[in-house]
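Engineer: give me coordinates for this.
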Amino acid sequence: MKRLLLLSFFCCFSFTLLAQQTPSVKKAYTASTGETILSFGILEAEPLETGTIPRFTPFFNFGQQLHYDFSDKFGFYTGLNLRNVGMINDLNDSIRIKQRTYNVGIPIALKVGDMEGFQFAAGFEAEFAVAYKQKVYVNGEKRKSSAWFDDRTNTFLPSVFAEFKNEQGNFIRFKYYLSDYLQTENQKINVPGVDYRPTSSQMFYVSIGYVINNRDF
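Structural biologist: Here you go, the predicted structure:
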């Protein structure tokens, strides 16, 4: 019995000492973000032999985040983003189509590492396509159109992502969209003899950006 009491006392003392050596720092704050995106796509639209071109997007991609750090090693964030994403595809030797949307996104991510330095985050983001723009090049001649909440793309675009951030707030992010970007029907390119029906349009991207802390709560 004495040994059990002594062991219990020792365990409680060790736990208290460990807690004093690794204090928990709870903190809530907001941050502003921006990123430059290089996106890629995998498009299938038989019988067309399509080819996808990487898309470079330096603007406008920004957001506002709300962070909560449970300790100096673990936390999470959510927020609201505005992001320019899309695809560029060659439908044949003479036709190229550029399709993009501005998306409003709501991320939820968990963070591990040094909350004041290098850290890793991974999470899920629900994006909603709100503004559509299309450019079709036929033998170098450009035709363009745009619309709000257009039915040529899926409105709801869920995604998963992972990112690495350093002490200065710079990050690199990898994102993969879980659903097709384009609708199979409703594609309006108005080119005689070309039946453009995307049966698969997977999209992913890599980006670099920054996070600037704004305000502590």
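Engineer: what is the burial count for the closest residue to I106 other than its chain neighbours?
Structural biologist: Leaving aside its sequence neighbours, I106 sits nearest to A126 (Cβ to Cβ, 6 or more residues apart in numbering; 5.1 Å). C-beta here means a position set from N, CA and C on the backbone, and glycine is covered the same way. Using other Cβ atoms under 10 Å, A126 has 14 other residues around it.
Engineer: in the one helix or strand A126 maps to, what counts as buried?
Structural biologist: Following DSSP states H and E, one finds A126 within strand 119-138. By neighbour count on 16 or more other Cβ atoms under 10 Å, the buried set for strand 119-138 is 119, 121, 123, 125, 127, 129, 131-134, 136-138.
Engineer: what ranges in this protein fall below the confidence cut-off?
Structural biologist: The chain contains residues with pLDDT under 70 at 1-25.
Engineer: and the spatially most central residue of the chain, bridged to which residues?
Structural biologist: Closest to where the C-alpha atoms of the chain average out (Cα atoms, centre = their mean) is K175, at 4.9 Å. Taking DSSP bridges as the rule, K175 bridges to F161, Y205.
Engineer: need the contact list for it.
Structural biologist: K175 makes contacts with 125, 159-161, 204-207, as judged by Cβ atoms under 8 Å, 6 or more residues apart in numbering.
Engineer: could you flag which of these are buried?
Structural biologist: Listed as buried from the contacts of K175 are 125, 159, 161, 205, 207; burial here means 16+ other Cβ under 10 Å.
Engineer: for T101, which non-adjacent residue is spatially closest?
Structural biologist: Using Cβ to Cβ, 6+ apart, the nearest residue to T101 is A129, at 4.0 Å.
Engineer: with Y29 instead?
Structural biologist: D216 (4.6 Å).
Engineer: ok, now how distant is V160 from F74?
Structural biologist: 20 Å (Cβ to Cβ, to the nearest Å).
Engineer: could you pull out the helices in this structure for me?
Structural biologist: Along the chain, the segments classed as helices by DSSP state H run 2-21.
Engineer: quick check: the gap between F128 and T153.
Structural biologist: Distance from F128 to T153, by Cβ to Cβ: 11 Å.
Engineer: need the overlap of contacts for those two.
Structural biologist: What both F128 and T153 touch, as defined by Cβ under 8 Å, 6+ apart, is an empty set.
Engineer: hmm, E49 is touching N92, no?
Structural biologist: Yes. The pair E49 / N92 is scored as a contact, 7.0 Å apart, by Cβ atoms under 8 Å.
Engineer: how deep is P107 tucked in, by neighbour count?
Structural biologist: 21.
Engineer: report the beta-bridge partners for the spatially closest residue to it that is not a sequence neighbour.
Structural biologist: Among residues not flanking P107 along the chain, E125 sits closest, at 4.1 Å (Cβ to Cβ, 6+ apart). As for beta bridges, E125 partners with P107, S159 under DSSP bridges.
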